[in-house]
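Enquirer: Provided below for reference: sequence and predicted model.
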Amino acid sequence: MLNRAKLPDNVDELKVLLSAQWAEIDALKLAHNTLSITSSDDKQEIQRLTLLLEMLRRKLFGKKSEKLNRQIDQLELELEALHITQGECIPAQQPETEVKPPRTAPQRRPLPEHLPRETQTHLPAGNACPDCGLSLDSAKVLGEDISEVLEYVPASFRVIRHVRPRLACQCGNCIAQAPAPSRPIARSFAGAGLLAHIMVAKYGDHLPLYRQQQMYARERVELSDSTLGDWVGACHQLLRPLINALHVHVFSAEKLHTDDTPIAVLAPGTGKTRQARLWTYVRDDRPSGNRDAPAVWFRYSPDRKPVFGLSVEYTR
C-alpha cells in the first residue's frame, strides 16, 4: 500500500515507484495462479489414480498375480503422497471482489458404535466461578458439549493367577480343592488368548515369529524362538480335528472351486527363495438353492502339485 506522505515529487521517481508496485502485484498474481493450477492438477491426479486403483482391484477378483499386487501397492503410495501434498497446501488469499464457491462440509463417518466408551468430564479450572469466585459445586447445569475422539490403547500382557485353596473339613478326615483349570498346551504357561494372538499374527497378519519376538521384547516379555515354535506346532495339533472336519465338509460338495496362489518361501542353505503354492478349495452352492454352509479349505504345498489329502505338513 502506497503512503501519500512518502510519495516523491519527481515524476520520474514516481513512475519508477509505480512500476515496482505493479511488478510486485504481477508476481503475486502469478504465484496465485500457479498454486491454483498445481492444486487443480493434484486433484485431477488423485481422481485418476483412484479410478485406476478401482480398476485394478476389480481385476484382482478375476485374476491374482504378484505383479498386479505390486502395482496396487505402488499406486496406493502415490495416492497417499498426493493426499499429503493436498493437506500441506495453504489456499492463497482471493481478492475480495472474487465470488467464493460455497464450501461443502466433508461427510465424516460416525465412530463405530460397538467400541467401548470412556467418559472424561472436564470442569472449569479450580472448580470456581471465573467472575465472582464462588464454588461451582452447587451450580446449575445448563447443558453440555460432547465430542468424541478415537483413541488406541496398545495391547498389553498380563499374568493370570489361578489360586486353588485347600480347604480342610471340620471333621478332620477330608481336604477339598478345586481341580486345576485346563490349559491349551500341557505344562505350558501360555494362555488361550496369547496363543490365538500369535497364530493370527503369523498366519493372518503375516508376522514371522522372530518379528513377534522383537515386539514382545519391547514389553519386556522374553520369549525364545524355540518356545514360540513349539507353541505354534502344538496349536497345529490342537486344530487338526477341526481342519480334518472342514476338509471332509468341503470335499463332500458336488461342485468344488479351486485356485492356487504362488508364494515365495526361503530355501534354507541356498540363500535363495523358491516358489511354493497356497491352494484354496471352496464350496458354495447357495446360488443353486443349496442350504449347506459354504466353506473354504486352505492348504500349502511346496510345489505346483495340487493337494487333496491330509498328509502335507504346515510350514513354520
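Expert: Perfect, thanks for sending it.

Enquirer: domains for the chain, by residue range?
Expert: Structural domains annotated on the chain: 7-88, 189-301, as defined by automatic domain parsing.

Enquirer: quick check: mean pLDDT of the shortest one?
Expert: Yep, that's domain 7-88 we're talking about. Averaged across domain 7-88, the pLDDT comes to 64.

Enquirer: also stretch 218-231?
Expert: 91.

Enquirer: again with stretch 299-309
Expert: So the average pLDDT for stretch 299-309 ends up being 74.

Enquirer: how about stretch 277-295?
Expert: 90.

Enquirer: go on, stretch 110-117?
Expert: The predicted model gives stretch 110-117 an average pLDDT of 88.

Enquirer: just the terminal-to-terminal distance for it.
Expert: 14 Å (CA to CA, to the nearest Å).

Enquirer: residues in contact with that stretch?
Expert: 148, 150 (CB atoms under 8 Å, 6 or more residues apart in numbering). No exception for glycine: its C-beta is placed from N, CA and C like everyone else's.

Enquirer: show me what counts as buried in it.
Expert: Of all the residues in stretch 110-117, not one is buried under the rule 16 or more other CB atoms under 10 Å.

Enquirer: again, but for stretch 194-213
Expert: Neighbour-count burial for stretch 194-213, counted by 16+ other CB under 10 Å, picks out 194-195, 198-199, 201-202, 209, 212-213.

Enquirer: for stretch 153-173, same thing?
Expert: So for stretch 153-173, nothing qualifies as buried (16+ other CB under 10 Å).

Enquirer: buried residues in the helix or strand that contains residue 232?
Expert: Using DSSP states H and E, the element containing residue 232 is helix 225-251. For helix 225-251, the neighbour count (16+ other CB under 10 Å) marks 228, 231-232, 234-235, 246-247, 250 as buried.

Enquirer: same deal with stretch 124-134?
Expert: With the criterion 16+ other CB under 10 Å, stretch 124-134 contains no buried residue.
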